[in-house]
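Chemist: starting from these lines, generate the structure:
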Amino acid sequence: MTACLSWVHFGDLHVDEADGLEGLHRFETLVGLAEQHLGDAVDFALLPGDNANHGTEAQYRGISNAMSRLGRSWHVLAGDHDFEPGNLDAMRAITTRDAPYAAHIRGYSCLFLDIVSAGKGGPDFRIDPAQRRWIERELDMAGAAGERAVVFMHAYPGDLRDDPDGVAGVFAAHRVVFVDTGHTHYNELLNDGRVIYGATRSIGQSEEGAPGFSVVTIDDGVPSWRFQAIDAVWPLVQITTPADRRLITDPACDRQVPQGGFTVRARIFGGTARATVCLDDGPEIAMVRVADVAEMWTATLPDVEDGLHQLRVTAGGSADVIEVLVRGPEATPKRTAPVALGRNVHAIGAWPERCIDGAQRGPNRNGADW
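Modeler: This is a model prediction of the structure:
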């Protein structure tokens, strides 16, 4: 059975009485949508930190009540705002485990990190030496067990005060598939040539369009990321294999850069009776359900010519479109040494179909003064 992992990411809530609990009310609506449409097709839900704007017990009570409405397990990280009281005692009302910890889910080793409590508060993000050693041990064990790793942390490694390049280098050396973060307040994907990083816009302090949630799927080591706005139509269609050309980290992998004919897989969240795939301006080809993965559909495209192609999967009036690079083995380039790992200099830029506008409007960049 192919290892397929999916989760739903609810961006920084910043629950605060000062704005009339707007972040909490949006979160309640989004949890309801996730419960209605995602169901068993996602394995867990993530809160990436900055959950309570001032880290108060009352703010966490509201978050806890909303979380209880989703019938999925939760993984909750701390952000700098959660650490405003100087400890994470109040946040434990919405957590079951203190980070760092590892969970083995669907054949992947998932590492949930604490980059907050080793600092002095505010955006003073650090990983202490003990956690750094723990990360390396866990990644070593995952590799020995034949598992790919996924990492969850509040911010990019490039935002760490201590040895950001070393931490990102560890992720690259161990072939971490995806690092999921919050903090930026805007949707963004990075590809540093070894690892894909994703950040999802804030729910409580959203600036670049309607708030929503992202759905991330790792399909046999290939990551895909989609954002679903609070007012978007359903179903949500997500092509999971092959990789979009912007998310290629291993050109020699035929699930990322196929050679000739290839298999298309797509997850369709929210139900459908029919799905089709189309390459460029070619005919619509019927897809069939995959028996052992919820809401997964597949089709095989034979004898595709080398070059860049547009691939579209359509279901129930919704669609996903990616760009697929197809080439022969003789054209596979050698991988060059990457630089500035885990930093947003590697942002892929605007991708409107993914609700990424590339403007980096957030309190850490070009947005409002929150």
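Chemist: for the nearest residue to residue 269 once chain neighbours are set aside, phi and psi?
Modeler: Excluding the flanking residues, the one nearest residue 269 by Cβ to Cβ, 6 or more residues apart in numbering is residue 236, at 4.3 Å. Backbone N, C-alpha and C define where each C-beta goes, glycine included. Here is the backbone geometry of residue 236 (degrees, to the nearest 10): phi -100, psi 120.
Chemist: can you report how many residues lie near residue 236?
Modeler: By other Cβ atoms under 10 Å, the residues close to residue 236 number 24.
Chemist: wait, what's in contact with it?
Modeler: 37, 215, 226, 228, 268, 269, 270, 318 (Cβ atoms under 8 Å, 6 or more residues apart in numbering).
Chemist: switch the cut-off to 10 Å
Modeler: For residue 236, the contacting residues are 33, 37-38, 41, 213, 215, 226-228, 267-270, 295, 315-316, 318, 320, by Cβ atoms under 10 Å, 6 or more residues apart in numbering.
Chemist: can you give me the distance of it to residue 283?
Modeler: Noted for residue 236: a distance of 24 Å to residue 283, by Cβ to Cβ, to the nearest Å.
Chemist: test my guess that residue 285 contacts residue 274.
Modeler: No - contact criterion Cβ atoms under 10 Å: residue 285 and residue 274 do not qualify, at 11.8 Å.
Chemist: of the two, which one has the most company?
Modeler: Neighbour tally, residue 285 and residue 274, criterion other Cβ under 10 Å: the higher count belongs to residue 285, 15 against 12.
Chemist: show me the helices in the chain, by range?
Modeler: Applying DSSP state H to the chain gives helices spanning 22-37, 57-67, 129-144, 164-173.
Chemist: list the helices and strands the first one packs on?
Modeler: Looking back up the chat, that one is helix 22-37. Judged by 3 or more Cβ pairs under 10 Å, 6 or more residues apart in numbering; DSSP states H and E, the packing partners of helix 22-37 are strand 4-10, strand 44-47, helix 57-67, strand 212-219, strand 222-229.
Chemist: got it, and the last one?
Modeler: Contacts defined by 3+ Cβ pairs under 10 Å, 6+ apart place helix 164-173 against helix 129-144, strand 148-152, strand 178-181.
Chemist: JSON lines for these, including mean pLDDT?
Modeler: JSON lines is the format used below for those (pLDDT from 0 to 100):
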{"stretch": "helix 129-144", "mean pLDDT": "98"}
{"stretch": "strand 148-152", "mean pLDDT": "98"}
{"stretch": "strand 178-181", "mean pLDDT": "98"}
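Chemist: packed most tightly, which of these would that be?
Modeler: Highest mean neighbour count among the helices and strands packed on helix 164-173 (mean count of other Cβ atoms under 10 Å): strand 178-181, with a mean of 26.
Chemist: what about that one, distance to the chain center?
Modeler: Centre-to-centre, strand 178-181 and its host chain are 5 Å apart (Cα atoms, centre = their mean, to the nearest Å).
Chemist: that one pairs with which strands, parallel or anti?
Modeler: In the sheet, strand 178-181 lines up against strand 148-152 (parallel), strand 196-199 (parallel) (DSSP bridges).
Chemist: where does this protein dip in pLDDT?
Modeler: For the chain, applying pLDDT under 70 flags the ranges 1-2, 330-335, 337, 364-365.
Chemist: same thing but at 50, please
Modeler: Regions of the chain meeting the criterion pLDDT under 50 cover residues 1.
Chemist: the spatially closest residue to residue 295 that is not a sequence neighbour: neighbour count?
Modeler: Closest residue to residue 295 apart from its sequence neighbours, by Cβ to Cβ, 6+ apart: residue 41 at 4.2 Å. Residue 41 has 22 neighbouring residues, counting by other Cβ under 10 Å.
Chemist: tell me if I'm right that residue 41 and residue 272 touch.
Modeler: No - with contact defined as Cβ under 10 Å, residue 41 does not reach residue 272; the gap is 11.7 Å.
Chemist: would you check that residue 50 makes contact with residue 15?
Modeler: Yes - here residue 50 reaches residue 15: they are 9.4 Å apart, a contact under Cβ under 10 Å.
Chemist: what is in contact with the two at once?
Modeler: Common neighbours of residue 50 and residue 15, using Cβ under 10 Å, 6+ apart, are 23, 81, 203, 204.
Chemist: which residues touch the first one?
Modeler: Contacts were defined as Cβ under 10 Å, 6+ apart; by that measure residue 23 touches 11-16, 50-53, 59, 62-63, 202-206, 211.
Chemist: that one and residue 239, how far apart?
Modeler: Distance, residue 23 to residue 239, by Cβ to Cβ: 31 Å.
Chemist: next up, the contacts around residue 268.
Modeler: Taking Cβ under 10 Å, 6+ apart as the test, what residue 268 contacts is 41, 234-238, 274-275, 287, 289, 295-297, 313-316, 318, 320.
Chemist: now with 7 Å, please.
Modeler: Neighbour list for residue 268: 235, 237, 275, 295, 297, 315 [criterion: Cβ atoms under 7 Å, 6 or more residues apart in numbering].
Chemist: go on, residue 271?
Modeler: With Cβ under 7 Å, 6+ apart, residue 271 has these contacts: residue 235.
Chemist: distance of it from residue 317?
Modeler: From residue 271 to residue 317 the distance is 12 Å (Cβ to Cβ).
Chemist: kindly report the same for residue 233.
Modeler: For residue 233, the distance to residue 317 - Cβ to Cβ - is 7 Å.
Chemist: likewise residue 122?
Modeler: Taking Cβ to Cβ, one finds residue 122 at 46 Å from residue 317.
Chemist: equivalent analysis for residue 66, please.
Modeler: Residue 66 sits 29 Å away from residue 317, taking Cβ to Cβ as the criterion.
Chemist: with that, I have no additional questions.
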